[in-house]
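> okay, here's the prediction I keep looking at, along with the sequence it came from:
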Amino acid sequence: LRKLAAFLRRRSSAPYPPGPIPKPLIGNVLDFPLVNAPEKYLEWGQKYNSDLLHAEVFGKHIIVINSLKIADELLERRAKIYSDRPKIPLFELFGWQGNVASMQYKEEWKYCRRICQQNFRPDAATKYWPLQVQKVRAMLGGLLNSPEDFDAHNKKLNISIPMASMYGYEVDSLEDPCVLAADESLLLGGSLLLPGGNFLDIIPALKYVPPWVPGAKSVQIAAKVRELTEAVQTIPLEFAKNSVLNGTASPSLVSDMFEEKFRTGISKEKEKAVENIAYTVYGAAADTTISLTTSFFYYMVKFPEVQKKAQAEIDRLLGMKRLPEPEDRPHLPYLEALYRELMRVAAPLPFVLPRATTEDDYYDGYYIPKGSTVLPNVWAMLHDEERYPDAFALKPERFLDESGQLNDDDRILAYGFGRRICVGRHIGSSTIWLMMASVLSCFDIGYAKDENGNDIEIKDDYEEFGVFRHKAKFQCSFTIRSEDARRLVMNPN
Ligand code: HEM
């Protein structure tokens, strides 16, 4: 009956886009891929001969976009109705509703986005360069002292930059209480968000079940996530506030806000927005850059000829006399092409972040209902064999012309689309670029060896965790390239 009523309510008899036939009540729940989702949706596209796909879960509509042409039409040109995010009731239970990336397309989001743009646009983002240089160089020291811990050094780099820039908070170790709470909350929260992970989203009334009721496991996990989230938000916030009061604050988004608050006063709206942005940036910046930089190490081992070419270009410019600086970027086209190629082949968010439609819409004769969840399969777009032949290979040359200069394919689709495109992309880009340049200038990245001196193979598998895609754990080696390089790492300034 519900289906009939929904059908009658529809303004048009246009069909939904093609896709698997939904079963009564549950829809396509059983059809949804649990692993390798981007690849599976590409297979759906071939099976149903369409780059726009439709599926249904308990009456909710899911639209998958596999082609750039359709993504551009819907997410860029029709941005007015494709810029919302799906409402996920769990986020409120987790205390994640202040996350700017998941906010509805309303005034609160617009206000936060404006503050982000003021601080993260290209000319403003240069203020983070000294911090990025300092943290990347600390990482080089870590790689020299304990190369086997490269994962930890990389994680520390990519957490310490957002924490210092947002709160002036120094992350000295990965055992920091804030880092531990963030890790655990993501792990627990992520487990409930995975398909089949819980019933709270399907039966929202369950959230009123008190945590002590036997069997209310999802509710208990959600309560724990909320408690951890509060810690992640409160610890650095209190730190920033106290450092302003003590006169020990270093410049950061939150401490600057407190300075202004104590000096002249600010609106409640601004205070809340800055708190939300700082908290969002921790998650948005850390996991994405960790994913990409880990892929960088993996690809450098697998494609040593690419590594050598990038090193040769850096050596020609710097002659091992100094470490790379952000200002060197325009003079290293091959390295820039490598950055673009890594963002293509190893996009950390294969579906960017889900969108929701705010009005009924039609594309190519198909009906897209208001309130649909839209998944742009950017992974499929970036592995399109017509646009990128031999799409799984690492070939920075794709982004160079015959004279070795960059071509005009400079759009980084891994940062998303339209009005919700990643607002921190210039900061992410400069962190990643500087890290790549600095590590390549000082270290050879290769296979780790077993006790007999043989290469330890690296599997090519990736893991998906919630919306993220990460290279599965692997070992590799970092060998200092020369005595000059050693001196630079030990005395970076
Ligand atoms: C490799 C690095 C990064 C990648 C691949 C990445 C990717 C993305 C993607 C795909 C989205 C969603 C875009 C869409 O819906 O179309 C996003 C949103 C966002 N990103 Fe990033 N990001 C990165 C780094 C950063 C950094 C360093 C920051 C902060 C300084 C940041 C802050 C944000 C924020 C606040 C949003 C939410 C935007 C909104 O909903 O309006 N990201 N990012």
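Nice, I can see it. As the structure is a prediction and not an experimental result, all values here were calculated from the model.
> of all residues in the stretch 1-150 of the chain, which one is closest to the ligand?
Relative to the ligand, the nearest point of the stretch 1-150 of the chain is Ala101 (3.5 Å; Cβ to the nearest ligand atom). C-betas here are computed from N, CA, C, even on glycine.
> contacts only, for that residue.
Residues near Ala101 by Cβ atoms under 8 Å, 6 or more residues apart in numbering: 85, 280, 283-284, 353.
> and the pLDDT at it?
You'll see Ala101 listed with a pLDDT of 94.
> just the element for Leu42, please.
Of the helices and strands defined by DSSP states H and E, Leu42 is found in helix 37-47.
> let me see the mean pLDDT of that helix.
The average of the pLDDT scores along helix 37-47 is 93.
> list the buried residues of it.
For helix 37-47, burial by neighbour count (16 or more other Cβ atoms under 10 Å) applies to 37-38, 40-42, 44-45.
> with stretch 420-437 instead?
In terms of neighbour count (16+ other Cβ under 10 Å), stretch 420-437 has its buried residues at 420, 422-437.
> alpha carbons of stretch 28-39, as PDB, please.
Taking C-alpha atoms only, stretch 28-39 is exported to PDB below (Å, rounded to 0.1, in the frame of the first residue of the first chain):
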ATOM      1  CA  ASN A  28      17.700  -3.800  -2.800                       C
ATOM      2  CA  VAL A  29      19.200  -4.400   0.700                       C
ATOM      3  CA  LEU A  30      20.600  -7.700  -0.400                       C
ATOM      4  CA  ASP A  31      22.000  -6.300  -3.700                       C
ATOM      5  CA  PHE A  32      24.200  -3.700  -2.100                       C
ATOM      6  CA  PRO A  33      27.900  -4.500  -2.300                       C
ATOM      7  CA  LEU A  34      29.600  -4.800   1.100                       C
ATOM      8  CA  VAL A  35      33.200  -4.700  -0.400                       C
ATOM      9  CA  ASN A  36      34.700  -3.200  -3.500                       C
ATOM     10  CA  ALA A  37      31.600  -1.100  -3.900                       C
ATOM     11  CA  PRO A  38      33.000   1.300  -6.500                       C
ATOM     12  CA  GLU A  39      34.000  -1.600  -8.800                       C
END
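> residues touching it, excluding its own?
19-20, 22-23, 40-41, 55-58, 62, 194-196, 350-351, 377, 379-380, 464, 469.
> got the buried residues for it?
For stretch 28-39, by 16+ other Cβ under 10 Å, it's 28-29, 31-32, 36-38.
> and Lys80, what does it touch?
Lys80 is in contact with Thr358, counting by Cβ under 8 Å, 6+ apart.
> and it, how far is that from Pro20?
With distances taken as Cβ to Cβ, to the nearest Å, Lys80 is found 30 Å from Pro20.
> over to Pro369?
Distance of Pro369 to Pro20, computed by Cβ to Cβ: 17 Å.
> that older thread, okay, the contacts of Ala101 in JSON lines with secondary structure next?
Formatted as JSON lines, these follow (DSSP: H, G, I helix; E, B strand; the rest coil):
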{"residue": "Arg85", "secondary structure": "coil"}
{"residue": "Thr280", "secondary structure": "helix"}
{"residue": "Gly283", "secondary structure": "helix"}
{"residue": "Ala284", "secondary structure": "helix"}
{"residue": "Leu353", "secondary structure": "coil"}
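> most widely separated two among these?
Spatial extent of the contacts of Ala101 (Cβ to Cβ) is set by the pair Arg85 and Gly283 at 14.5 Å.
> ok but Ile445 is inside a helix, no?
No: using three-state DSSP, the assignment for Ile445 is strand, not a helix.
> which other residues reach the helix or strand hosting Ala138?
Using DSSP H and E, Ala138 falls within helix 129-145. Applying Cβ under 8 Å, 6+ apart, the external contacts of helix 129-145 come out as 149-150, 152-154, 156-157, 160-161, 164-165, 323, 325-326, 430-431, 434-435, 438-439, 442-443, 478, 480, 486, 489-490, 492-493.
> hmm, try it at 6 Å
Residues external to helix 129-145 that are found in contact with it (Cβ atoms under 6 Å, 6 or more residues apart in numbering): 153, 157, 160-161, 164-165, 326, 431, 434-435, 438, 442, 478, 489, 492.
> ok, stretch 112-125 next?
With contact meaning Cβ under 6 Å, 6+ apart, stretch 112-125 is reached by 100, 273, 276-277, 423-424, 426-427.
> and that stretch, which residues are buried?
112-113, 115-116, 119-120, 125.
> among those residues, which are in helices?
Secondary structure assignment by DSSP state H places 112-113, 115-116, 119-120, 125 of the buried residues of stretch 112-125 in helices.
> return the member of those nearest to Tyr339.
Of all these, Tyr339 sits closest to Ala125, with 15.5 Å by Cβ to Cβ.
> quick one: that closest one from Ile427, how far?
Distance, Ala125 to Ile427, using Cβ to Cβ: 5 Å.
> quick check: Phe91 touching Met103?
No: here Phe91 does not reach Met103: they are 9.8 Å apart, not a contact under Cβ atoms under 6 Å.
> up against the ligand, what does the stretch 251-400 of the chain have?
Counting by Cβ under 6 Å from any ligand atom, the residues of the stretch 251-400 of the chain lying close to the ligand are 280-281, 284-285, 288-289, 292, 348-349, 352-353.
> quick one, helices of the stretch 101-250 of the chain?
Applying DSSP state H, counting those that start in this stretch to the stretch 101-250 of the chain gives helices spanning 107-120, 122-125, 129-145, 150-167, 177-193, 217-246.
> shaky segments in the stretch 201-350 of the chain?
201-217 (pLDDT under 70).
> ok, back up a step: how about the residues of the stretch 251-400 of the chain next to the ligand in a markdown table, adding neighbour count, distance to Pro15 and secondary structure?
As requested, these are arranged in a markdown table below (neighbours: other Cβ atoms under 10 Å; distance: Cβ to Cβ, whole Å; DSSP: H, G, I helix; E, B strand; the rest coil):
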| residue | neighbour count | distance to Pro15 | secondary structure |
| --- | --- | --- | --- |
| Thr280 | 23 | 38 | helix |
| Val281 | 25 | 42 | helix |
| Ala284 | 22 | 37 | helix |
| Ala285 | 23 | 41 | helix |
| Thr288 | 23 | 37 | helix |
| Thr289 | 25 | 42 | helix |
| Leu292 | 25 | 39 | helix |
| Pro348 | 21 | 34 | coil |
| Leu349 | 21 | 30 | coil |
| Val352 | 25 | 26 | strand |
| Leu353 | 16 | 27 | coil |
